[in-house]
Every structure is written in C-alpha cells, then in structure tokens.
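Colleague: fold the following.
(2 chains)
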Protein chains: 2
Amino acid sequence: MEQSLTNSRDSELLARASKVVPNGMWGHMATRAIGPGYPQFFSKSDGCRVWDAEGNEYIDFMCAWGPNILGYRHPEVNTAALAEIARGDIANGPTERMVELAELFVDTIDYADWALFQKNGTDATTTCVTIARATTGKRKILVARGSYHGAVPWCSPSVVGVTAEDRAHVIFFDYNNAQSLDEAVTGAGDDLAAILLTAFRHDLNRDQEMPDPAFLRHARSICDRTGAALILDDVRAGFRLDVRGSWAMHGVKPDLGAYSKAIANGWPLAAVAGNRRMLDGASKIFVTGSFWYGSAAMAASIKTIGILKSTNALAHMEAMGLRFREGLASIAERHGVVLHQTGPAQMPILRFENDPDLKIANTFCAAALRRGIYLHPKHNMFLSAAHQPADIDRALEAADAAMKDTVAANSGISHRTGA
Amino acid sequence: MEQSLTNSRDSELLARASKVVPNGMWGHMATRAIGPGYPQFFSKSDGCRVWDAEGNEYIDFMCAWGPNILGYRHPEVNTAALAEIARGDIANGPTERMVELAELFVDTIDYADWALFQKNGTDATTTCVTIARATTGKRKILVARGSYHGAVPWCSPSVVGVTAEDRAHVIFFDYNNAQSLDEAVTGAGDDLAAILLTAFRHDLNRDQEMPDPAFLRHARSICDRTGAALILDDVRAGFRLDVRGSWAMHGVKPDLGAYSKAIANGWPLAAVAGNRRMLDGASKIFVTGSFWYGSAAMAASIKTIGILKSTNALAHMEAMGLRFREGLASIAERHGVVLHQTGPAQMPILRFENDPDLKIANTFCAAALRRGIYLHPKHNMFLSAAHQPADIDRALEAADAAMKDTVAANSGISHRTGA
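Modeller: Residues are numbered from 1 along each chain as shown, chains lettered A, B, ... in the order given. I've put the predicted structure just below:
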C-alpha cells in the first residue's frame, strides 16, 4: 500500500537546518546524495523499523548504516547501558566494564590478544595505521582503490581540504588482485608498514565481492615475509558476518582489526583489536579521546556480543537476508529485470543492469520508500536480527509493486531477455 | 581524615587489564603517568564526587577531565538524553534535536553562523583544519608550541607512529608572542591556511596564561589581511568560561571553533562552529562518523547549554574555584610553601616552586588523595557547578593536612622566605 508522500515536517526541518548547518546536513546521512523522497529527519526507531519526522513508518534495511544489529532499542542492551548511566557513565577513568569488554574481545575474535576502545570507526582505522608504523618503523600503507576507511585527510573519499602530504605514504592496489598488490609492495620498497583491507569489497555503487581466500593468504604471506601489519578494517562488517572476525571463515588472521558500528548495537563505540606482535607498537603510541572511557557503550557492547554469541542472531539475520534476496530475485525475474544482488546476504547491495546514473535504482528505491520500505540505491544495506519473515514478506510485497512502477517509468530498463 | 589506601580491587582489575589492553590502559586517563596511589578504575560518579572500584569516595577536581560541568549524573540532562534513547537514539538520519542544537549554538556563540556535530575533540580540531584549507586553498597551519589539539598524527603530543609528512604543513610559534607568530606567518609565505590557538595557554605541567588580548587581535588582523582562518580550539575550555565562546571576553572573534568535553555534560559529543566566511569550505568537505547523528547526546547538550545560560552555574563554578584557590593560597602561606596557581579559577593548575620532577606535587596530590580529594599533579583541573562551599571547605581541610605531610616529606621544598 502506497503511503502518502507528505512530509512537510521534514521540509520545515531541512529549511531550518539549511540556515545553521553546512548544506543542512553533513556526511553519509545527508539525503541530498540519494534520490528525492528520502526523509532527512527521523523521530523514532524500534526493532527493524524507523519513523520519519512526520511519523511515516518504514521497514528499515539500512540499520542506521550498520550500528543496529539486534534491533533498534534492544531491551537487554539498553538495560545494560542504562544501568551504567544510573551509576555514572564517566569519571576520571574507566569502570571494570572496560576490562570485561577487552577480555570478551580477546575471547571472541580469533586473532585478538588485546583491545582498546574509542568512538569512531575512523579512530580505529587511523590507530591501526599508527600502531603498524610504530611496530614496524616503516611508513607505507597499502590501501585498495575505492575502499572506504574513514573520513579524515589520510583516507577520506574527498580530497577537498586534504593535502598531498596527508597521503604521501598511501599506495593503492586493486582489491582481490594479487598482481596489483605485488606491484604496490614493490612500490613500498623496504618501507612497508601495512596492508589495509576491508572485510570484503563493499565499495559504494558497485557489485560487492567476497575476498578471495588465496588473495588474503597472499597478503598474509607478504606481511609474514616483510614484518608489515595485515590490517582488517572490520568497521562495517564486524560482528555481522562472524563474531570471530570477518576473515575467520577464510582461515586468514590479520594482525590488527578496526571495529565500530554494530559492536554496541548503536551505542557509540569503536575498537582496535590486535595480536601480540602488534602489542609493542600499541603500547608506545598515544591515542585518546574524552569519551573513550564511557561505561554505558561498553556495557552495551558486552551485552550485544554476548547475545550474538549465545543466540542464533547471525544465522537468523543471514536467513532473513537470503529470504529478501531470493524474493527480490523472483520479483526481478517476474518483471523481466536484470538485478545484481551481491555481497553477504545480511549486507546486500542492489544494482540494476545498465544503470550508470542510478536512474533505475533511484526510481525503484523511491517507489519502495513510498510503500514504507527503506532501501538504499547505491550503498550496501544491512539486515538486523530484528527482521522477521513477516517484515521481509511485507518488504517484498512493496518491492514487487515498486518494480512494476520502475519498469513502467524506465523504458530503457534491462530485461532478462536482453541481458 | 585519612582514608585507607586499600584498593585491592583496582590492583586486581589492573592485573586483568594488563593481559588484554596495551599497558593495561591507554591515553590521558592512564594513571601510570601520574603518581602512585591514583585508582585506575571507577565504579560510580555523582555531583562532584567519584568512587573508585573499591568504593573509596573522592571530592573530584578533574570532572572526567572536563566533561562534567553541571555535576555527574545531572538529573535534568540525563532525563533529556534518556527520553531520546526511549524513542531511539539513532536511525538513518538525525532527529530534530540536531536542528535545535545547531540553532542554539548559533544563538549562543558570538561568532557562530553554523555548527556541525561529532564525537571527539580531535574530530573537531581536525575538521576545523580541513575546513580552513578547503576555504582558503592554502595549506599551512600555525600552531602554538606545546599546545594540545588532539591525538592523531598531525597533532599528537607523541611522534611514535607518526610520519614527518603528517606535520609537513604545521609551523610552530610561541603562544602570546606576536613576534614569534609573525615569524611563523613569514614562514608560511603565501600558503597560510589557519592560525590555531587554544582558548588560553593550558599546556601540561606549566603555569597557565590567559591570552593577551593584543596578541589575539594581532592574530585576527593577520587572518583578516591574508584570508586565513583564525581557529579557536575551545575543546577544553568551551562553555566553562563563557557560553559565547572563550574569547568573547577579549573581544576577538575566531572564524572557526572546536568544541567537545563539557558541551553535553559527559554525553559523548563534539562540535565545530563557524562563521559565514567558512561556510563554503564547510559545505565542500566530507566528514562523518557512524554515531555523529545520535540524538541522546544532542538532547543532553541542549539541556546543558540551556542550564548554563539560564542559571548562575558559570559564576558559581568560578566562585567555587576562587574559594579553592584562595584557601590553597592561605594554606601554602601558612606552611611557608611557594605555590603557583594559574589560569581561570574554574580550570586551575597547581605548581610548586623548584619542583622540576614533580616530586613535591606528587607527594601533595597523593596525600590529598588519601584524604578523599582527587587533584592532578600536572594537568589543569576542572570545577563543576555541583561543587558547593562545603565541598571546597572539606577539600581545603584535606589540603591543609596534605601540605603538612608534603613539607615534612620534602626537605627541599621552596619556602616563602626563600622565594
């Protein structure tokens, strides 16, 4: 059933925001980067649902861009965090929650001998790079072209306000391409500090790729040979694919890992995990932040990871992702549309054939949005453990109607027969 | 009355932490950087008091290193934040709290035409630098020698894991020294992007200095002449001296300001505020973080700033700082000790004459700690609006006894007659 598009509250808020916030909104949640119709402001979230400022309800497939893993406002997680707030979230040092959480990381993540905690994913990736340099005494960081590792000058996808020197020691290669990696290693000479890789290839606006295990083993062997650090940027995927770390399934252990997003089910937290070889560097560097010691987010993380380990949350999430993927594939088939669905089922991306300017994706997502389904036209999406079969089925019903609209509106859409 | 020093719980936690966290603790809250006896772990905070893991109670003069401004667990602030958590702290965008908070910043801070929100003070200082470069198209950032602006490679007080290129465009000068600033400006040539200054000189382990208004005006005139950005790093002092910004009292307006720590009374939040001239750069850069949109911390900030504006909290805090300062001066006088007390009364630093290795300061602070008073031997401290005359008087009573111990233990202590 199509919702009213009315959202005058959002327009009012955007008009006010435009007077006091650059562009009315900054960063990855700015909706001007996606098609029209997306609400900028929200008023409520619960389980797998979000409500915009006007009160329109959506079944959500973005999960706050990752943080929501067990369901928004998860009662057990919030109860654990609120107990810390009742005692005092902050003081002049951490509470024992910090020790418990570090122990849990070490017990859970297959390569982790230690952990430290922060607030942003970018804190974690930047600290991994700093630790790699401190440990190795080398400078060059090898990064896959197009991978997102944060939004500060050394790694931002934008170069506005960035100097060449900020990236003087970054060398690019192509994800999953051993020859390209070898060339980058050669380029680093005897100055190789680290190879930095996302859990899988989850770049914006392209089909996702799982890492080739042989490629990961090749990267591992380079680091073993040279002493460089293999860094897993698990900020986006961490704890969503496998609590042991996103490469456990591939049998490859990084030296350092960066975490954030889902680790505390939406409470602000990031983490670096590392092995014993990286401990010396980690012990010598100075990193800190005013709120990195807060106890509430740590308690939320302990509870979140505990639930992920003790329940079938991850298997359920994957099953819901597969149900959605298979349903969408049937819908595309039925409407004669070529739809690419790639990446892990719990972190899917949708791409239409012959859609370079995203006209088709935007039409489809806007049509789904009008029917109360929040998808994303070019970024990977996220399932949560709160998604239930009935939610997926309702989303598929909306997607079916949205696909019909999309085919009607886009005469150039690639049909199965023309693929 | 001297407390038992027993804190076996802290020792147990430290032993556990040492196995799973680099050095057992990282960053500015690691107590190995200060004298023995300081607890690493806390279990509770309330008002102007903190409790260590063993349950020992302290009247606190660190305020979580700044974030506590109205009192730990302030009921009104926490009620506002918890209402957001009950509705959902995060979704796929901000709530209207973001607009309200940006409007409040613009209404409150004398130079602010816009604001954006983040999590760490370092996020804010780094973003100010990026905006300055984006706006000016220039690269050089002038920074006062010894000033702390965060803990990432371009500005960290440690160079471990940092490359020379990370600081390639940073030029140092001496705070409050116009000639030194002029030399740095000359060094920048036609590539000057910004002059970055803390609210006052609050460097570690030295007497604090208020900014010379003539120096600030000189910096302002350089920026007016060259088009560079004058950046106020108000992370540590912001909203504690003056809600309008810490230079309002000096009649100098920066172009950009960085905020964090006290702005949400301990809820994790940072902010950049800027004027219209910096809006173009601010609109072009890309900065973001997974939790920068969370509504709870924004609601906490709205309430915190509202209380600071509508009550005498700041005047009270300053009065409590003065009461403490005057009391300590009398105690030092009475014991014949030369004690330097500098900086704003609500952000005091204590330094003993002829104490290069901090032996005297450590003795004094450890003796105060044993009597339930949490001071810092080398970093500036913080008063909060929750400190009451009775708390200050009890702290002074402890300080008197601690000073007696200190004089007894340090035969080389500088006496008033020898100063």
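
Colleague: and the most centrally placed residue in chain A, backbone torsions?
Modeller: The structure's chain A has its C-alpha centroid closest to residue A:236; by CA atoms, centre = their mean the separation is 2.5 Å. Main-chain dihedrals, residue A:236, degrees, to the nearest 10: phi -80, psi -40.

Colleague: residue of the stretch 251-400 of chain A closest to chain B, please.
Modeller: With distances taken as CB to the nearest CB, the stretch 251-400 of chain A approaches chain B most closely at residue A:288, which sits 2.8 Å away. (Each C-beta comes from the backbone N, C-alpha and C, glycine too.)

Colleague: below-threshold pLDDT in the stretch 1-150 of chain A: ranges please.
Modeller: In the predicted model of the stretch 1-150 of chain A, residues A:1-5 satisfy pLDDT under 70.

Colleague: doesn't the residue of the stretch 251-400 of chain A closest to chain B lie inside a helix?
Modeller: No: with DSSP: H, G, I helix; E, B strand; the rest coil as the criterion, residue A:288 is assigned coil and is not in a helix.

Colleague: what residues are up against it?
Modeller: The neighbours of residue A:288, taking CB atoms under 8 Å, 6 or more residues apart in numbering or on different chains as the test, are B:26-29, B:151.

Colleague: same thing but 6 Å
Modeller: Applying CB atoms under 6 Å, 6 or more residues apart in numbering or on different chains to residue A:288 gives the contacts B:27-28, B:151.

Colleague: so what does it look like in phi/psi?
Modeller: Dihedral angles of residue A:288 (phi, psi; degrees, to the nearest 10) stand at phi -170, psi 170.

Colleague: name the nearest residue to it, ignoring sequence neighbours.
Modeller: Nearest-residue entry for residue A:288: residue B:27, 2.8 Å, with adjacent residues in sequence omitted and distances by CB to CB, 6 or more residues apart in numbering or on different chains.

Colleague: the one you found: neighbour count?
Modeller: Counted with other CB atoms under 10 Å in any protein chain shown, the neighbours of residue B:27 add up to 20.

Colleague: enumerate the residues of the stretch 101-250 of chain A near chain B.
Modeller: With CB under 6 Å from any CB of the partner chain as the criterion, the stretch 101-250 of chain A meets chain B at residues A:102-103, A:106, A:114, A:116, A:119-121, A:126, A:130, A:133-134, A:139, A:151-152, A:156, A:158, A:160-161, A:163, A:165, A:168-169.

Colleague: buried subset of those residues?
Modeller: For these, burial is judged from neighbour counts taken by 16 or more other CB atoms under 10 Å in any protein chain shown, and it is met by A:102-103, A:106, A:114, A:116, A:119-121, A:126, A:130, A:133-134, A:139, A:151-152, A:156, A:161, A:163, A:165, A:169.

Colleague: what's in contact with the host helix or strand of residue A:321?
Modeller: With secondary structure defined by DSSP states H and E, residue A:321 is part of helix A:313-335. The set of residues that contact helix A:313-335 without belonging to it, under CB under 6 Å, 6+ apart, is A:339, A:341, A:345-346, A:383, A:385, A:387, A:392, A:396, A:399-400, A:403, A:407.

Colleague: flag every buried residue along it.
Modeller: Along helix A:313-335, these residues count as buried under the neighbour rule (16+ other CB under 10 Å): A:313-314, A:316-325, A:327-328, A:331-332, A:335.

Colleague: quick one: average pLDDT of it?
Modeller: In this model, helix A:313-335 carries a mean pLDDT of 98.

Colleague: pull the CA atoms of that helix into PDB?
Modeller: Written as PDB, here are the backbone C-alpha positions of helix A:313-335 (Å, rounded to 0.1, in the frame of the first residue of the first chain):
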ATOM      1  CA  ALA A 313      21.000 -14.000  15.800                       C
ATOM      2  CA  LEU A 314      23.600 -14.100  13.000                       C
ATOM      3  CA  ALA A 315      22.200 -17.200  11.300                       C
ATOM      4  CA  HIS A 316      18.700 -15.600  11.600                       C
ATOM      5  CA  MET A 317      20.000 -12.300  10.100                       C
ATOM      6  CA  GLU A 318      21.600 -14.200   7.200                       C
ATOM      7  CA  ALA A 319      18.400 -16.300   6.700                       C
ATOM      8  CA  MET A 320      16.400 -13.000   6.500                       C
ATOM      9  CA  GLY A 321      18.900 -11.600   4.100                       C
ATOM     10  CA  LEU A 322      18.600 -14.700   1.900                       C
ATOM     11  CA  ARG A 323      14.800 -14.600   2.100                       C
ATOM     12  CA  PHE A 324      14.900 -11.000   0.900                       C
ATOM     13  CA  ARG A 325      17.500 -11.700  -1.800                       C
ATOM     14  CA  GLU A 326      15.600 -14.700  -3.200                       C
ATOM     15  CA  GLY A 327      12.300 -12.800  -3.100                       C
ATOM     16  CA  LEU A 328      13.800  -9.900  -4.900                       C
ATOM     17  CA  ALA A 329      15.400 -12.200  -7.500                       C
ATOM     18  CA  SER A 330      11.900 -13.700  -8.100                       C
ATOM     19  CA  ILE A 331      10.400 -10.300  -8.500                       C
ATOM     20  CA  ALA A 332      13.100  -9.200 -10.900                       C
ATOM     21  CA  GLU A 333      12.600 -12.400 -12.900                       C
ATOM     22  CA  ARG A 334       8.900 -11.900 -12.900                       C
ATOM     23  CA  HIS A 335       9.200  -8.300 -14.200                       C
END
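
Colleague: following it, which helix or strand shows up next?
Modeller: In the C-terminal direction, the helix or strand that comes right after helix A:313-335 (DSSP H and E) is strand A:339-342.

Colleague: and the contacts of the helix or strand just after that following strand?
Modeller: Toward the C-terminus, strand A:339-342 is succeeded by strand A:349-352 as the next helix or strand (DSSP H and E). For strand A:349-352, the external contacting residues (CB under 6 Å, 6+ apart) are A:208, A:340, A:342-343, A:360-361, A:380.

Colleague: for the stretch 101-250 of chain A, just list every one of the strands.
Modeller: Listed in chain order, the strands found in the stretch 101-250 of chain A under DSSP state E, counting those that start in this stretch are A:114-118, A:140-144, A:170-173, A:192-198, A:229-233.
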